[in-house]
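K.L.:
Got a predicted model here, sequence first, then my questions.
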Amino acid sequence: MNNFNGIYNFVSGPLVWLAFIIFIGGSIYRIRNLIVLVNKKERYIYTYMSLKYSLRSIMHWIIPFATVNWRKRPLMTITTFIFHAGLVIMPFFVSAHVVMFHNAWGFSWPSLPESFTDTVTLLVIICSIIFLIRRLVLREVKFLTDASDFGVLLITAAPFITGFLAYHNVGSYHFWVILHILSGEIMLVAIPFTKLSHMLYAVFTRAYIGSEFGKVRHARDW
Amino acid sequence: MTDTANWDWETKEKLVSDLNEWKDSYNWVEEPYVSPDGEKIAAIVNTDEAEFNVCENGKAWEIEEPFEKAYSLRYSPDGRLIVLSAADDEWKPVVDGKPWETIFDFIWDLKFSNDGKAIAVASQTDTEYCMAVNDVPWEDSYTFMTCMILSADGKKSASSVQTIPLGQAEVFKFQEGAFTAAVNGVPWDKNFVNVWNMAFNADGSSLAAEVRHNLYDYTIVVDGKPWNTVYGCVWQPIFHPNTNAVIAPVKLKDGWTLACDDNILWDSRFTQVWQQMVSKESEKIAAIVASSYGKWTIAVDGKPWNITFGDMVTDAVFSPDGSRVACIGTDKEQYTICDNGNAWDMKCDMVWKPVFSPDGNKVAAKIDKNGKRTIAVDGRLWNKMCDEVWEPVFSPDGSKILCRSVEDGKYYRRIIPVNEF
Amino acid sequence: MALPYIEYEKNIIDQGLETGTERLTKERIAKVVDKVIGGETGARLKAYVDTCVHCGLCSDACHMYLSTKRDPKLTPSAKVKRTMSVILAKKGNVSPAFIKKASEIASTECNLCKRCVQYCPFGIDIAYVMSVVRRICHLCGVTPLYIQDTAHSHSVTQNQMWVKEDEWIDTLQWQEEDSREEIPDCRIPLDKEGADFMYSVIGPEPKFLAQLLYQTAIIFNAAGLNWTMPSFPGWDNSDMAMFTGDSEIMGRNKRFHYEAAQRLKVKKIVMGECGHAFRAAYDMGNRWVSWAMPPVPMVHAIEFYYDLLKSGKIKVKEKYKKSVTLHDPCNTIRGRGLHEKARYVINELCENFIEMHPNREHNYCCNAGGGVINCGPPFKKKRVSTNRIKAQQCADTGAEILITPCHNCHSGMEDIIGDYGVDMHVKFINDIMYEVMEKPGLE
Ligand code: SF4
Ligand code: SF4
Ligand code: SF4
């Protein structure tokens, strides 16, 4: 038990700090590098940027079924949106997270009912499995897939799997909680330095191509 | 240059010819051209089916046979009228109604020496190409010819020529170099992959050209000898009128700049540099540059103007003493004149090359506004909006301007005091 | 009826690729990759390659993938994986044989049509990445023979077809002469300074398709337009150097083209029905030069025909009777949004217009574009085979006439409908407009 407590305190204390520092620092570093690179070598890009068309493009692509390709692949669209919504929004509203935050900082916000977050967790896990199956079964996706793509999928699914197991007290609760926290930290750290950086870059690539299509090409990019 | 001193600077207004009457005499009248002094106006006219002639001041040339084809009608700087004409598939330049003796299978690209005494054309006979100046073709001809030029005094002509035959899609042979420059028909002894735009020095004794050694390495060649350095790209070189040094835009890793005799001339780097020019008087060097992406201006001795134009900058010219530069600047499809970094407060639909007064204090230009043509001086419009005008000419003392215009189909020659603008 | 799949030889021999590869060393590859990746490219390439999550959502965008029993090697992202990803991962330490394959992939397995941009959630521009691969291959000297020859032609003559300066003028004068049988005072005015617009075309028009110049002369004269064409280089708006990766020659071509317009003091350039030339002049070559947008407005024929019909300058005598369908050229539709104007024009000219599906910005590329057709005979079978879907799309309309307002598409579509046995004829808008319009000279 003591052992668990020590590890728990470590992973839920200093390691959290460290993870957030690396995540935020790393993200700023990656985005900064990208912008520095634009300024150094591709300043012309600014000439074509347009807020209106950036937003037009981003809005179409973050709304399910708002683009031709989202409509053409309903299963993938539903999977993608549930997965990403679960991934990005959920962590803020799981009651355990809110409670922890309250204990540490003394303030909190409403959380979602546990039955709901539990269902979403399960859905995210199912989505991950669908992603895995796609990578293994669909020829065109299989051809594209590298080992690292499985790794990245595992990194993102792990916090949900461990959280789910912990919540349902499968085996040792402490064990899963520690793994849950650890996997969450790994994911945070991985964002700036793996393919998960698409989370940081997506808004830029979309904004750029949206601007080119809107302002120069006068055509839709969805 | 043309001497304007003995032109008529006194007669205020002359109705030279009524083009409406021409239209009654011919099936159709093509676009007219006027002589430098404004005393004459001419056009190619159709007299019958596939029969053409040239009409000058209402009178057709007296020629033995009508032309079957005629194009490229122009006045030379010394006021002679030239057309490129054909009959029975034989092409000849015709000067003031008199044809050259030499017959060609085709001619094009009419050029003049500065004083107009030399007239040059590019020619093709039996699918061989050469230039011809004042009725004398080069002794040698080539299978391919581009980028023709004539020296200021008209004594030298040059072009980029192909000296090695190339079969269809012989890309690797092409990359070994099949082109060179020929001066008065005599080729340089070194070949290049490409030889492009050339320039003669002031007395025509040297020729410089932009070349590509292979598909990647660009440089400048002077009289057949390439510079040692290769650049990412280059544009047309020029000679310094006083020192004979060769100055060319070159592309370095960090941007475009000017090089002089293979040394970097300007410290500044631009996203584009071209059409550099040197003033013989002030020895200042100016060029059209993009000071940053999509922002065009003029740089003088490496220093860009503050004002920039989003569309383009063209037609730069030094004042006679070399102290000022004027050019055309275009932003959002609106044209204006920019005089030493100050844009005229006038937006036009088109502007022609600015003209400095002899003392360099005034700038005049032909402009197009709302489909009408007129002349502007220092940003002020002439009070007449015409169907057509030609570029303004200042009198030698700079007090008057020769205005050549067509109004309601009538061609007028007017002398307008500058202070009336 | 489903069209059959046509097998093609996977091992294609192209003399440009072969000889180029023989002369290539690993040292040169390393230097080139350093120059391009280290020097010429930047955030775009990096963001695209780093952001691609290998999801395969772009697959269905590509006509080649859809046409080849879903060959996983031909999805947009797979083309990057097989080329740029390897070059980046190995930091340029790749073999000449690899560059040869990369050149074949980039030059003949991607039309740079940008359809996949509209299918990737991140808007990853595969066409751009393929252009960078082509740039690397150009600098390595490994490019398909036929397209390289056209790039050479551009470098010497500033036109695509080795058309000599006298041949150009002679052709125009000959078309002008012929046109006088229909309109006695018909003209193709050369070097008319201060005309309203300059008309520019691509090299193949004077070389093989002079009747298009003839028809255009009739259309413009009937509409009473004040126009001109240059007698000097700069008349050709096309650009194969853009597609071989020879950016310097592309920039030079565009400089000649726009300077011709500047010299003639025209307010705009109107160009014939060509897609890639529009792209070169509108958002590729001009950018190399540092003209953020065309310095002289560039109007594609579709837009110009629209203006002519809308303003009543051209009137239709009797609409075209045969049923027609329209292929939307990528470069003017995805590249300039002219799809509705094209439909207006066709509906004004033709009685019976049948849409193909998908259409407008979501059209399938003809598979000729991006310089693929210019890679010539060695790759023809492959080009036809990898665009079965386009032939199917055309066949499904049941139309008699296929209108393609783009030269590359036009030739590409002729090959495709020919080889799949689709019973259709390919025409330009120009052909139909000439046929159905009122010609004042004749009344
Ligand atoms: S051909 Fe078009 S859809 Fe296919 S990869 Fe290239 S740009 Fe994308
Ligand atoms: S290019 Fe876009 S759609 Fe295609 S695999 Fe990469 S991320 Fe997915
Ligand atoms: S050739 Fe036609 S369909 Fe193909 S890329 Fe060009 S414009 Fe598109």
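P.N.:
Right, received. Where do you want to start? Ligands and ions are numbered 1, 2, ... in the order given.
K.L.:
Pretty sure residue B:212 is one of the things residue C:246 touches, is it not?
P.N.:
No: counting by Cβ atoms under 8 Å, no contact exists between residue C:246 and residue B:212, whose distance comes to 10.2 Å. All C-beta spots, glycine's among them, are computed from the backbone N, C-alpha and C.
K.L.:
overlap in contacts of these two?
P.N.:
Overlap between the contact sets of residue C:246 and residue B:212, as judged by Cβ atoms under 8 Å, 6 or more residues apart in numbering or on different chains, is given by residue C:155.
K.L.:
Where does pLDDT dip in chain A?
P.N.:
A:1-2 (pLDDT under 70).
K.L.:
Apply 50 and report the result again.
P.N.:
A:1 (pLDDT under 50).
K.L.:
How about the stretch 301-443 of chain C?
P.N.:
Applying pLDDT under 50 to the stretch 301-443 of chain C picks out residues C:443.
K.L.:
let's see 90
P.N.:
C:439-443 (pLDDT under 90).
K.L.:
Would you map the helices across it?
P.N.:
C:301-310, C:330-333, C:339-349, C:380-385, C:388-397, C:407-420, C:429-436 (DSSP state H, counting those that start in this stretch).
K.L.:
I'd like to know which of those helices lies nearest to ligand 1.
P.N.:
The closest approach between ligand 1 and any of the helices of the stretch 301-443 of chain C, judged by Cβ to the nearest ligand atom, belongs to helix C:330-333 at 7.6 Å.
K.L.:
Show me what that closest one is packed against.
P.N.:
On a contact count with 3 or more Cβ pairs under 8 Å, 6 or more residues apart in numbering or on different chains; DSSP states H and E, helix C:330-333 meets helix C:275-279, helix C:339-349.
K.L.:
Could you see whether ligand 3 lies near it?
P.N.:
Yes: judged by Cβ under 6 Å from any ligand atom, helix C:330-333 and ligand 3 are in contact via C:330, C:331.
K.L.:
Pull out the buried positions in that helix.
P.N.:
Buried residues in helix C:330-333, counted by 16 or more other Cβ atoms under 10 Å in any protein chain shown: C:330, C:331, C:332, C:333.
K.L.:
which one of the residues you listed is nearest residue C:217?
P.N.:
Using Cβ to Cβ, residue C:332 comes nearest to residue C:217 of the buried residues of helix C:330-333, at 22.5 Å.
K.L.:
Would you enumerate the residues in contact with the closest one?
P.N.:
C:275, C:278, C:300, C:302, C:338, C:342, C:405, C:406.
K.L.:
Also residue B:127?
P.N.:
Taking Cβ under 8 Å, 6+ apart, we find residue B:127 in contact with B:105, B:143.
K.L.:
ditto for residue B:316
P.N.:
Applying Cβ under 8 Å, 6+ apart, we find residue B:316 in contact with B:275, B:277, B:286, B:287, B:288, B:298, B:325, B:326, B:327.
K.L.:
correct me, but the second one touches residue B:286?
P.N.:
In this case it means residue B:277. Yes: the criterion here is Cβ under 8 Å, and residue B:277 meets it with residue B:286 at 5.7 Å.
K.L.:
okay, and the common contacts of those two?
P.N.:
Residues touching both residue B:277 and residue B:286 (Cβ under 8 Å, 6+ apart) are B:316, B:318.
K.L.:
okay, the two: which has more neighbours?
P.N.:
Comparing residue B:277 with residue B:286 by neighbour count (other Cβ atoms under 10 Å in any protein chain shown), the higher total belongs to residue B:286, at 25 against 17.
K.L.:
element containing the more buried one, please.
P.N.:
Residue B:286 belongs to strand B:285-292 when assigned by DSSP states H and E.
K.L.:
Around ligand 3, pick out the residues from the stretch 1-150 of chain C.
P.N.:
Residues of the stretch 1-150 of chain C lying close to ligand 3 by Cβ under 6 Å from any ligand atom are C:111, C:113.
K.L.:
just checking, what packs against the strand or helix carrying residue C:33?
P.N.:
Here residue C:33, judged by DSSP H and E, is contained in helix C:26-33. Applying 3+ Cβ pairs under 8 Å, 6+ apart, one finds that helix C:26-33 makes contact with helix C:96-108, helix C:126-140.
K.L.:
Redo the ones you listed as CSV? Include mean neighbour count and mean pLDDT.
P.N.:
Output for the helices and strands packed on helix C:26-33, formatted as CSV (neighbours: other Cβ atoms under 10 Å in any protein chain shown; pLDDT from 0 to 100):
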stretch, mean neighbour count, mean pLDDT
helix C:96-108, 23, 98
helix C:126-140, 24, 98
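K.L.:
now the ones you listed as JSON lines including distance to ligand 1?
P.N.:
Converted to JSON lines, these look like this (distance: least, Cβ to the nearest ligand atom, whole Å):
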{"stretch": "helix C:96-108", "distance to ligand 1": "9"}
{"stretch": "helix C:126-140", "distance to ligand 1": "4"}
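K.L.:
I'd like those as TSV, with distance to residue B:68 appended.
P.N.:
Converted to TSV, the helices and strands packed on helix C:26-33 look like this (distance: least, Cβ to Cβ, whole Å):
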stretch	distance to residue B:68
helix C:96-108	46
helix C:126-140	46
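K.L.:
Which one, of those helices, ends up nearest to residue A:44?
P.N.:
Nearest to residue A:44, of those and by Cβ to Cβ, is helix C:126-140 at 13.4 Å.
K.L.:
tell me the angle the closest one makes with helix C:96-108.
P.N.:
Angular relation of helix C:126-140 and helix C:96-108 on a 0 to 180 degree scale: 130 degrees, by axes from the mean of the first three to the mean of the last three Cα atoms, to 10 degrees.
K.L.:
tell me the angle helix C:126-140 makes with helix C:26-33.
P.N.:
Going by the same axes, to 10 degrees, helix C:126-140 makes 140 degrees with helix C:26-33.
K.L.:
tell me, which helix in chain A spans the most residues?
P.N.:
helix A:14-41 (DSSP state H).
K.L.:
in that helix, what counts as buried?
P.N.:
In helix A:14-41, counting by 16+ other Cβ under 10 Å, buried: A:15-16, A:19, A:22-23, A:26-27, A:30-31, A:34, A:37-38, A:41.
K.L.:
go on, stretch B:275-290?
P.N.:
Judged by neighbour count using 16+ other Cβ under 10 Å, the buried positions of stretch B:275-290 are B:275, B:276, B:277, B:278, B:279, B:282, B:285, B:286, B:287, B:288, B:289, B:290.
K.L.:
Which single residue of chain B ends up nearest chain A?
P.N.:
When scored by Cβ to the nearest Cβ, chain B has residue B:293 as its residue closest to chain A, at 4.2 Å.
K.L.:
That residue contacts residue A:41, correct?
P.N.:
No: under the criterion of Cβ under 8 Å, residue B:293 is not in contact with residue A:41, lying 11.3 Å apart.
K.L.:
give the contact list for the residue nearest to the residue of chain B closest to chain A when sequence neighbours are not counted.
P.N.:
Leaving aside its chain neighbours, residue B:293 sits nearest to residue A:44 (4.2 Å; criterion: Cβ to Cβ, 6 or more residues apart in numbering or on different chains). Going by Cβ under 8 Å, 6+ apart, residue A:44 touches B:293, B:294, C:287, C:292.
K.L.:
Could you identify which of the residues you listed has the most neighbours?
P.N.:
residue B:294 (25 neighbours).
K.L.:
so how far is residue C:292 from that one?
P.N.:
From residue B:294 over to residue C:292 the distance is 3 Å, taken as Cβ to Cβ, to the nearest Å.
K.L.:
quick one: residue C:226 and residue C:199 touch, right?
P.N.:
No: Residue C:226 is not in contact with residue C:199 according to Cβ under 8 Å; the separation is 11.4 Å.
K.L.:
Show me which of these two is the more surrounded one.
P.N.:
Between residue C:226 and residue C:199, residue C:199 has the larger neighbour count (other Cβ under 10 Å), namely 26 against 14.
K.L.:
wait, what's in contact with the residue in chain A positioned nearest to ligand 2?
P.N.:
Relative to ligand 2, the nearest point of chain A is residue A:144 (5.8 Å; Cβ to the nearest ligand atom). Applying Cβ under 8 Å, 6+ apart, we find residue A:144 in contact with C:54, C:55, C:56, C:72, C:75, C:77, C:78, C:81.
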